[in-house]
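Student: sequence plus predicted model, see below.
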Amino acid sequence: MPIEIKELYIKINVDEGASASGGSNTGAASEDSAAIIAACVEEVMEKLKEQKER
């Protein structure tokens, strides 16, 4: 019997103090954020594709 998940809970903790103290690292921080967002979007799209296949 398959299990159906109807809710997804995502919790993210952002440490703004670390990025604010390194003013010259804002480009690196935005690249890291972009990479995290891209990975999250990819994961969500995979989950939606799996759900659609069922």
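Tutor: Good, I have the coordinates.
Student: element containing the most centrally placed residue in the chain, please.
Tutor: Closest to where the C-alpha atoms of the chain average out (C-alpha atoms, centre = their mean) is Cys40, at 3.3 Å. According to DSSP states H and E, Cys40 maps onto helix 26-53.
Student: what distance separates that helix from the centre of its chain?
Tutor: How far helix 26-53 lies from its chain's middle: 5 Å, per C-alpha atoms, centre = their mean, to the nearest Å.
Student: re earlier: could you report the neighbour count for the residue lying closest to the residue nearest to the centre of the chain once chain neighbours are set aside?
Tutor: Beyond its immediate neighbours in the sequence, the residue positioned closest to Cys40 (C-beta to C-beta, 6 or more residues apart in numbering) is Ile10, lying 7.9 Å away. For glycine as for every other residue, the C-beta is placed from the backbone atoms N, C-alpha and C. Ile10 has 7 neighbours, counted by other C-beta atoms under 10 Å.
Student: do Ala28 as well
Tutor: Per other C-beta under 10 Å, the neighbour tally for Ala28 reads 11.
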